[in-house]
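Undergrad: no FASTA, just this:
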């Protein structure tokens, strides 16, 4: 089954404790992206990657890191999480110029 | 920068009637608009798109209309069904850049 898998689905943690949200896709898509969804703001792009070892900032990259060492994986790293990073996060992937497929989301709470 | 605005946070429609969801944008330069549908605890799923060279695109019960002079697009769902209850996001995509800019979303509720 074609899918984008995110882990964990839910996480409650404390300020400053490094965390990684994993994202994996099994469709051999070139393009992958991370979004955060906040009330009243829709989804905003954090980082995206056009292919292996090619990443770039989206609209709200501050406080986040990403890497794309393999085509299927695109982890989102919060080196020192802060409460303003409490949000619902979505990973997405696609072929170039095709609609994006989204994972089911990761709800992060930073206390 | 392109902005996409959905000014109605929620919409309630009776089953069988037409649902009309609206979206406004600021920048005349675009390639595609896409509508995504989102159920609770799931990620958004692609619904329908329209390119800048068209005024209308239809797929079954779903039709998107584009009014370039008014910088406005709308999604029509006819007839509305209970399974259509979800949050709908209007989004803009610059072709080749794979960059999506989303509106705030409209929660559609279909009442029996």
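TA: Looks like it arrived, so ask away. Nothing here was measured: the structure is a model prediction, and the numbers come from that model.
Undergrad: for residue A:40, grab phi and psi.
TA: With angles defined as degrees, to the nearest 10, residue A:40 sits at phi 80, psi 0.
Undergrad: what's the burial count for it?
TA: 7 (other CB atoms under 10 Å in any protein chain shown). To be clear about C-beta, it is placed using only N, CA and C from the backbone, and glycine gets the same treatment.
Undergrad: could you find the closest non-adjacent residue to it?
TA: residue B:104 (5.7 Å; CB to CB, 6 or more residues apart in numbering or on different chains).
Undergrad: just checking, that neighbour touches residue A:41?
TA: Yes. Counting by CB atoms under 8 Å, residue B:104 touches residue A:41, with 6.3 Å between them.
Undergrad: against chain A, how distant is residue B:56?
TA: For residue B:56, the distance to chain A equals 19 Å [CB to the nearest CB, to the nearest Å].
Undergrad: what residue is smack in the middle of chain A?
TA: By CA atoms, centre = their mean, chain A has its centre lying nearest to residue A:34, at 3.3 Å.
Undergrad: the helix or strand harbouring that one close to chain B?
TA: Secondary-structure assignment from DSSP states H and E places residue A:34 in strand A:31-38. Yes. On the criterion CB under 8 Å from any CB of the partner chain, strand A:31-38 is in touch with chain B at A:31, A:33, A:35.
Undergrad: looking at those, which is nearest chain B?
TA: When those are ranked by distance to chain B (CB to the nearest CB), residue A:31 comes first, at 4.7 Å.
Undergrad: returning to that earlier point: settle it for me: which of residue B:104 and residue A:41 has more neighbours?
TA: Remark: of residue B:104 and residue A:41, residue B:104 carries more neighbours, 20 against 14, as counted by other CB under 10 Å.
Undergrad: next, count neighbours for residue 52.
TA: You didn't pick a chain, so chain A it is. With neighbours defined by other CB under 10 Å, the count for residue A:52 comes to 14.
Undergrad: let me rephrase: I mean chain B.
TA: 13.
Undergrad: now do residue B:8
TA: For residue B:8, using other CB under 10 Å, the count is 14.
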